[in-house]
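In: predicted coordinates and the sequence they were generated for:
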Amino acid sequence: MSQSKLVHETKLLAKLSGPIVVGQVGQNLINLADTIMVGALGAVALSASAFAGSVFVIALIAGMGILSPVTALIAKMQGQEDYPYGGVLLRHSLIVTLITSAILTGVLYALLPNLSIFGQTPEVLENSLKFFEIITWSLLPSLIYQCYKQFSDGIGKTKVGMFVMLFGVLANILGNYALIYGNWGAPKLGLEGAGYSTLISRILMAAAMVSYIHFNPRFTKYLQERWTHKMDHTLLRNMFRLGIPNGMTYLFEVGAFSSAAIMMGWFGSMPLAAHQITISMASVTFLISVGIGIASSIRVGYEIGRGDAAWARYAGFTSMKVVAIYSTICAVAILLLRNWIPTLYVSDVNVIELAAMLFIVVGIFQIFDGLQAVAIGALRGLSDTAWPSVFAFVSYWIIGLPSGYLLAFHLGWGPIGIWIGLLFGLVCVSVLLTWRFEILSARYLGTHEKT
């Protein structure tokens, strides 16, 4: 019985996470296509787009983090079979999206005349200003797409977001081809054309998600209540209460890795290049862990909605076991291929040797990185986001970065010391998050047994 239960749960995780992973790959393909197509304009244009994008993505990640807990709320509703309440959640999630977008867009616009504080060269700064302004307007449609994707993911229809993302990839590439280079009778706009292409593709993605959800009969049972009904301010506050700490968790993690890259740059261009190779490979393998983490959030939330705390706990720990197996396979592969992987990126022997050494740490890093991604997803399924944000701050900013700095610059470990510091942070956060899920899921189980 236990074996069949494990197989059943693993199949559910695969069914949910597969399309999510494909969607994540689609997002990476958009970034890759932009890099290649803008790169044809020259180094300055590419640097300008990379700089503007790196500032913009902070706001985007914060917004996505605020919206992410909605998936578990929708999954819980699905488990309770209270379908009209799903429409209520979607409507309030859209309000959260609009408020969040307005605030973050205002912050980005406030940064626009002050981008010089980031210390870029005059030509890069000059080329980035208009591009930055254009993509700032894409934040709203990006988060509207995300809002509706949280809804479709939460009810288990994860393929919807995947197909819309793939549509967005195609729209972005075609838009780049037309507007960057002036093909098909379109004006030749260069870097600004890439910005407009990004904006248009994100508007189309948002429109596609909204249209599909509102006009497909399979969603009618969720959208029975009129959207002109009075707002539930308690629900709205609860969404922000869950979302803001989750957004902070995202920023703590992204900020830590960005800071590690900055510290690596203090050693020079060669260590920074080796760091970029290792982080890019870690990011690729991490995509599946993210997908499993989102699936874990859906499964735990759904079972809590059904009132089956025991299965919610089982779903959470099963997802952790699955990601541990996957991450271990990745770790072994990286360790075995650590001397070959860097040659796919560069031919510089010094960069290859350093990257191969860093990959030793990255291999171990894989296991704990995957575990923390899934544990945080399982905790979102239990509507727990405040403590994970505290754990992330302590692990990355109190333990990980300071220990990496100490090892790298004061104890003579050099570039590998920074990665060991990141590893310390990931070990800490993964242990704390797993412990938190153990405690909280047991508490849910005890409560349900008493009732």
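Out: In hand now; what should we look at?
In: report the spatially nearest residue to Ile20, omitting neighbours in sequence.
Out: Distances taken as C-beta to C-beta, 6 or more residues apart in numbering place Gly291 nearest to Ile20, at 4.1 Å, with adjacent residues excluded. Heads up, the C-betas are built off the backbone N, CA and C, glycines and all.
In: residue contacts, the one you found?
Out: Applying C-beta atoms under 8 Å, 6 or more residues apart in numbering, we find Gly291 in contact with Ser17, Gly18, Ile20, Val21, Gln24.
In: then Val322?
Out: By C-beta under 8 Å, 6+ apart, Val322 lies in contact with Thr10, Leu13, Ile292, Val374.
In: any weak-confidence spans in the stretch 301-450 of the chain?
Out: 447-450 (pLDDT under 70).
In: following the strand or helix carrying Glu126, which helix or strand comes up?
Out: Glu126 belongs to helix 122-136 when elements are defined using DSSP states H and E. Per DSSP H and E, helix 122-136 leads on to helix 139-154 as the next helix or strand towards the C-terminus.
In: check which helices and strands that next one sits against.
Out: The criterion is 3 or more C-beta pairs under 8 Å, 6 or more residues apart in numbering; DSSP states H and E, and the helices and strands that helix 139-154 contacts are helix 2-39, helix 43-67, helix 70-80, helix 83-111, helix 158-181, helix 191-215, helix 269-306.
In: how does it look with 6 Å?
Out: If contacts are counted by 3 or more C-beta pairs under 6 Å, 6 or more residues apart in numbering; DSSP states H and E, helix 139-154 sits against helix 43-67, helix 70-80, helix 83-111, helix 158-181, helix 191-215.
In: distance between it and the chain's centre?
Out: Remark: helix 139-154 is offset 13 Å from the chain centroid, using C-alpha atoms, centre = their mean, to the nearest Å.
In: and that helix, average pLDDT?
Out: Helix 139-154 shows a mean pLDDT of 95.
In: just the angle between that helix and helix 83-111, please?
Out: Orientation check (axes from the mean of the first three to the mean of the last three C-alpha atoms, to 10 degrees): helix 139-154 against helix 83-111 gives 150 degrees.
In: number the residues from 492 up from this point.
Out: All set: I'll call the first residue 492, so the last point we hit is now helix 630-645.
In: list the contacts of stretch 735-745.
Out: 552-553, 556-557, 559-560, 876-877, 879-880, 883-884, 887 (C-beta atoms under 6 Å, 6 or more residues apart in numbering).
In: circling back: report pLDDT for the residue nearest to Ile511.
Out: Gly782 is given a pLDDT of 91.
In: how far away is it from Ser788?
Out: Gly782 is 11 Å from Ser788, where distance means C-beta to C-beta, to the nearest Å.
In: if we can go back for a sec, got the helices and strands packed on helix 630-645 as CSV, with mean pLDDT and distance to Leu892 columns?
Out: Shown next, in CSV, are the helices and strands packed on helix 630-645 (pLDDT from 0 to 100; distance: least, C-beta to C-beta, whole Å):
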stretch, mean pLDDT, distance to Leu892
helix 534-558, 86, 17
helix 561-571, 93, 29
helix 574-602, 94, 24
helix 649-672, 93, 32
helix 682-706, 94, 31
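In: over to the nearest residue to Gly784 once chain neighbours are set aside: give its phi and psi.
Out: Once flanking residues are discounted, Gly784 sits nearest to Gly868: 3.3 Å by C-beta to C-beta, 6+ apart. Phi and psi for Gly868, reported as degrees, to the nearest 10, are phi -70, psi -40.
In: my read: Gly868 touches Ser787, true?
Out: Yes - between Gly868 and Ser787 there is a contact at 4.2 Å, judged by C-beta atoms under 6 Å.
In: coming back round to it: and the helices and strands packed on helix 630-645, which is most packed in?
Out: Here the criterion is mean neighbour count by mean count of other C-beta atoms under 10 Å, and of these the winner is helix 561-571, at a mean of 25.
In: which of the contacts of stretch 735-745 sit farthest apart?
Out: Spatial extent of these (C-beta to C-beta) is set by the pair Pro560 and Tyr887 at 20.1 Å.
In: look up how far Gln863 lies from Glu814.
Out: If you look again at residue 814, you'll see it is Val, not Glu. Distance from Val814 to Gln863, by C-beta to C-beta: 10 Å.
In: tell me the buried residues in stretch 914-926?
Out: Within stretch 914-926, the residues scored as buried using 16 or more other C-beta atoms under 10 Å are Leu914, Phe915, Gly916, Leu917, Val918, Cys919, Val920, Ser921, Val922, Leu923, Leu924, Thr925.
In: how about a markdown table for these, with secondary structure added?
Out: Shown next, in a markdown table, are the buried residues of stretch 914-926 (DSSP: H, G, I helix; E, B strand; the rest coil):
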| residue | secondary structure |
| --- | --- |
| Leu914 | helix |
| Phe915 | helix |
| Gly916 | helix |
| Leu917 | helix |
| Val918 | helix |
| Cys919 | helix |
| Val920 | helix |
| Ser921 | helix |
| Val922 | helix |
| Leu923 | helix |
| Leu924 | helix |
| Thr925 | helix |
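In: could those residues go into CSV alongside distance to Phe547?
Out: Converted to CSV, those look like this (distance: C-beta to C-beta, whole Å):
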residue, distance to Phe547
Leu914, 29
Phe915, 30
Gly916, 25
Leu917, 26
Val918, 31
Cys919, 30
Val920, 26
Ser921, 29
Val922, 33
Leu923, 31
Leu924, 28
Thr925, 33
